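In: here's my sequence, what's the structure:
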Amino acid sequence: MDADALMKELDEMGAALTEQAPRPAAQAGAQVFYDMVRTKAPVSTKAHSTKGKKQTYQPGNLRNSVYQVYSKDQSTETRAVYDISVNSKKAFYWRFVEFGTKKRRAHPFLRPSFYAAEEAAQQAMVAKFVEEAKQIKGISSA
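Out: Numbers count the residues shown, from 1 in each chain. Presented below is the predicted three-dimensional model:
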């Protein structure tokens, strides 16, 4: 057994994982959070409008305003960050739903989604990381 060759291959695999695996693994975890937020977002039974009826929102507008996006600013070569949030231009009222107002009680959906999906997201990230490692191993030993 050539220990030097094995160490070299492990170093190469580690470098390849550092370059290639963080973003797909982070996206796998982000997808779990995204799906949970959309599941927990309240959906009204009828259309609702703003004070003065300037804008009418259809049922599901809040849920459909949830998005996920890769954050180039927060990510590095070895760290991938995805943001999951609500498009405030489509559903400005999300914060009133999440935190409540003086007149309406809160119907939190973002924070509970994080706690509900945390373990599943970690498992998804690990599974994707392992999948990426197997692909790299297959490529490097071919």
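In: pretty sure residue 86 is touching residue 65, no?
Out: Yes: at 5.0 Å, residue 86 and residue 65 qualify as touching, with contact defined as CB atoms under 8 Å. Glycine gets a C-beta too; all of them are placed from N, C-alpha and C.
In: the more surrounded of those two?
Out: Residue environment comparison for residue 86 versus residue 65 gives the larger neighbour count to residue 86, 23 against 20, counting by other CB atoms under 10 Å.
In: packing partners for the lengthiest helix in the chain?
Out: Counting residues, the longest helix in the chain under DSSP state H turns out to be helix 110-140. In this structure, helix 110-140 packs against helix 3-20, helix 22-40, with contacts taken as 3 or more CB pairs under 8 Å, 6 or more residues apart in numbering; DSSP states H and E.
In: for the ones you listed, which has the smallest mean pLDDT value?
Out: The stretch with the lowest mean pLDDT among the helices and strands packed on helix 110-140 is helix 3-20, which comes in at a mean of 66.
In: OK, contacts around the residue nearest the centre of the chain?
Out: For the chain, the residue whose C-alpha lies nearest the mean C-alpha position (CA atoms, centre = their mean) is residue 30; its distance is 2.0 Å. Residue 30 sits next to 68, 82, 84, 121 when contact means CB atoms under 8 Å, 6 or more residues apart in numbering.
In: check residue 104 too.
Out: With CB under 8 Å, 6+ apart, residue 104 has these contacts: residue 96.
In: that one sits in which helix or strand?
Out: Taking DSSP states H and E as the definition, one finds residue 104 inside no helix or strand.
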